[in-house]
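Chemist: Coordinates for the following, if possible.
(chains A, B and C)
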Amino acid sequence: MAESPVNDAPFRLIDDVEFGEGVIVHPFTNIYGCSIGDESRIGPFVEIQAGARIGARCKVQSHTFVCTGVEIGDDVFVGHGVVFINDKLPRSTNADGELQNEDDWTLLRTFVEDGASIGSGAVLLGGIRVGAGAMIGAGAVVTRDVEAGETVVGNPARAILQAERR
Amino acid sequence: MAESPVNDAPFRLIDDVEFGEGVIVHPFTNIYGCSIGDESRIGPFVEIQAGARIGARCKVQSHTFVCTGVEIGDDVFVGHGVVFINDKLPRSTNADGELQNEDDWTLLRTFVEDGASIGSGAVLLGGIRVGAGAMIGAGAVVTRDVEAGETVVGNPARAILQAERR
Amino acid sequence: MAESPVNDAPFRLIDDVEFGEGVIVHPFTNIYGCSIGDESRIGPFVEIQAGARIGARCKVQSHTFVCTGVEIGDDVFVGHGVVFINDKLPRSTNADGELQNEDDWTLLRTFVEDGASIGSGAVLLGGIRVGAGAMIGAGAVVTRDVEAGETVVGNPARAILQAERR
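Modeler: Predicted coordinates:
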């Protein structure tokens, strides 16, 4: 456990984050209430919300959003501009016309297992499990579980054979 | 009418914005010349351009870009990493080889009616109307109007029956 | 050659950038080791990595990521939230379980020729050539070369006739 990232950088907001050893956090980052494992690296323009967990030796690249309810294993690559989701039917207000709060929706948890890679620009709906070593193609919109070792591409994302990898 | 957001946060650029009561604006935001209605919330890494109008009790989530020409009603949810567009054939320079300016293109206006929800990662082409209560799926690329109450998904976005909601 | 952008703005990180004359760089930008030609404009929340080259009179709009290995010609429009990629099979760690470094992957170079336009939300896989004057539709996921003057849309991106332009 470390008190802070090992690097210094301007324009960071870091609040109540549990850091492993040797974590690097780039500038223009907004991370709070989450945990980040040993030697992981967080890119610029990234937000990581409370309760999210990121394992060791991960790369979370620029412009990516990791929400509450996401658990990422070790050795995972998360590309640039990736968006996680934790709500099935997001609405701004509840049936009474009041702003939704935590009581008005069900948190969908997403799990990304060890060694998976999520291509840049991918969108992952909530409540999904991405198996170990799986690869999500750039720009894919993932609407259901991805098997370990599987590669998926497209909108909605579908599995492809390794030979078709583009 | 309020003079400013009700919260304080670092790394914000707020210039000539008309605020309703109780607006929250998160850090790392660049908003100018727009209006934001009562109790709406603007997430981090968001830009809202001049002339855009956002109603009351909306959520505009992180990494989203709202351009000139966009009018958003009340109680609208705009997810993370959503991109609005206001130009049909964007070019950097005009036929004379000079940088385009406001005389070189036609502003396409987009309207999002009350209670609609725009999923994270969605892209909305310019000149579109999203009807009241419509739902745009995560990662959808919306190329034409969406009817009130309709749900659309995919690239290009197509309507689905409620039963197919994924 | 200029020493700096012609404008001043807060919240910028500019390190070792080769500027042409009259370049404008907006706030919330992270640019390093790259070159930017005369009169080009760089939007907010943009990262441009070392070795990237951007020509003259380009617009690189907000929330866009330009990686190492990307060369952009003159008069190119790059929309909002565009993501370039330079790695075919990104992984966080190598076969030895160590964080990947520059020896563990092959840099794929991408070329965008003069006068091309890249729509907002597009994702461009690495190793691609976008021909002069080509237009990439908003939200397209470009997986192979685009011919000069061609318009492509969709995921994966396919050519459309001009008459079909949406």
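Chemist: Beta-bridge partners for the most centrally placed residue in chain A, please?
Modeler: Nearest to the geometric centre of chain A sits residue A:66, at 3.9 Å (Cα atoms, centre = their mean). Taking DSSP bridges as the rule, residue A:66 bridges to residue A:48.
Chemist: What's the per-residue pLDDT of it here?
Modeler: With respect to pLDDT, residue A:66 scores 98.
Chemist: And residue A:164, by the same measure?
Modeler: The model's pLDDT for residue A:164 equals 55.
Chemist: The worst-scoring helix or strand of chain A on mean pLDDT pairs with which strands?
Modeler: Sorting the helices and strands of chain A by mean pLDDT, DSSP states H and E puts strand A:158-160 at the bottom, at a mean of 95. Strand A:158-160 sits in its sheet next to strand A:151-153 (antiparallel), going by DSSP bridges.
Chemist: what does the strand it pairs with rub up against?
Modeler: For strand A:151-153, the surrounding residues in contact (Cβ atoms under 8 Å, 6 or more residues apart in numbering or on different chains) are A:134-137, A:139-140, A:142, A:146, A:158-160, A:162, A:165-166, C:156. All C-beta spots, glycine's among them, are computed from the backbone N, C-alpha and C.
Chemist: what do you get for stretch A:86-101?
Modeler: A:67-70, A:104-110, A:125-127, B:39, B:41, B:57-59, B:75-77, B:79, B:115, B:117, B:119, B:135, B:165.
Chemist: Buried subset of those as a PyMOL selection?
Modeler: PyMOL command restricting the contacts of stretch A:86-101 to the buried ones, with burial defined by 16 or more other Cβ atoms under 10 Å in any protein chain shown:
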select buried, (chain A and resi 67+68+69+70+108+110+125+126+127) or (chain B and resi 39+41+57+58+59+75+76+77+79+115+117+119+135)
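Chemist: Among the contacts of stretch A:86-101, name the ones in strands.
Modeler: A:70, A:110, B:41, B:59, B:77, B:117, B:135 (DSSP state E).
Chemist: As TSV, the residues you listed with distance to residue C:83 and pLDDT would be great.
Modeler: Shown next, in TSV, are these (distance: Cβ to Cβ, whole Å; pLDDT from 0 to 100):
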residue	distance to residue C:83	pLDDT
A:70	20	98
A:110	21	98
B:41	26	98
B:59	24	98
B:77	24	98
B:117	24	98
B:135	25	97
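Chemist: ok, residue A:49 - contacts?
Modeler: Residue A:49 touches A:32-34, A:66-68, counting by Cβ under 8 Å, 6+ apart.
Chemist: Looking at these, which is nearest chain C?
Modeler: residue A:66 (14.5 Å; Cβ to the nearest Cβ).
Chemist: Excluding chain neighbours, what is closest to residue A:4?
Modeler: residue A:19 (6.3 Å; Cβ to Cβ, 6 or more residues apart in numbering or on different chains).
Chemist: how many neighbours does the nearest residue to residue A:153 once chain neighbours are set aside have?
Modeler: Once flanking residues are discounted, residue A:153 sits nearest to residue A:137: 3.3 Å by Cβ to Cβ, 6+ apart. Look at residue A:137: counted by other Cβ atoms under 10 Å in any protein chain shown, it has 28 neighbours.
Chemist: And the one 4 residues further on, by the same measure?
Modeler: Other residues near residue A:141 number 32, with proximity taken as other Cβ under 10 Å.
Chemist: picking that back up, next one: the least confident helix or strand of chain A to chain centre, how far?
Modeler: Here the centre of strand A:158-160 is set off from its chain's centre by 21 Å, with Cα atoms, centre = their mean, to the nearest Å.
Chemist: Next, the buried residues of it.
Modeler: Under 16+ other Cβ under 10 Å, the buried positions of strand A:158-160 are residue A:160.
Chemist: List of residues touching that strand?
Modeler: Residues contacting strand A:158-160 (Cβ under 8 Å, 6+ apart): A:146-147, A:150-153.
Chemist: ok, of those, which one's closest to chain C?
Modeler: Nearest member of the contacts of strand A:158-160 to chain C, counting by Cβ to the nearest Cβ, is residue A:153, at 7.6 Å.
Chemist: Quickly note the distance from that closest one to residue C:156.
Modeler: According to Cβ to Cβ, to the nearest Å, residue A:153 stands 8 Å off from residue C:156.
Chemist: So for those two, which residue has more residues nearby?
Modeler: Remark: of residue A:153 and residue C:156, residue A:153 carries more neighbours, 25 against 19, as counted by other Cβ under 10 Å.
Chemist: Name the residue most distant from the centre of chain A?
Modeler: In chain A, by Cα atoms, centre = their mean, residue A:96 is the one farthest from centre (31.8 Å).
Chemist: Low-confidence regions, chain A specifically.
Modeler: Residues of chain A meeting the criterion pLDDT under 70: A:162-166.
Chemist: Contact residues of it facing chain B?
Modeler: By the rule Cβ under 8 Å from any Cβ of the partner chain, the part of chain A lying against chain B is A:11, A:13, A:28, A:30, A:45, A:47, A:63, A:65, A:67, A:81, A:83, A:85, A:89-93, A:97-99, A:121, A:123, A:125, A:141, A:143-144, A:155-156.
Chemist: surely residue A:125 meets residue A:142?
Modeler: Yes. At 6.4 Å, residue A:125 counts as touching residue A:142 under the criterion of Cβ atoms under 8 Å.
Chemist: can you name the two of the contacts of strand A:158-160 that are farthest apart?
Modeler: Farthest apart among those by Cβ to Cβ are A:147 and A:153. That separation is 14.2 Å.
Chemist: Tell me the buried residues within the residues of chain A next to chain B.
Modeler: The buried subset of the residues of chain A next to chain B - by 16+ other Cβ under 10 Å - is A:11, A:13, A:28, A:30, A:45, A:47, A:63, A:65, A:67, A:81, A:83, A:85, A:90-93, A:99, A:121, A:123, A:125, A:141, A:143, A:155-156.
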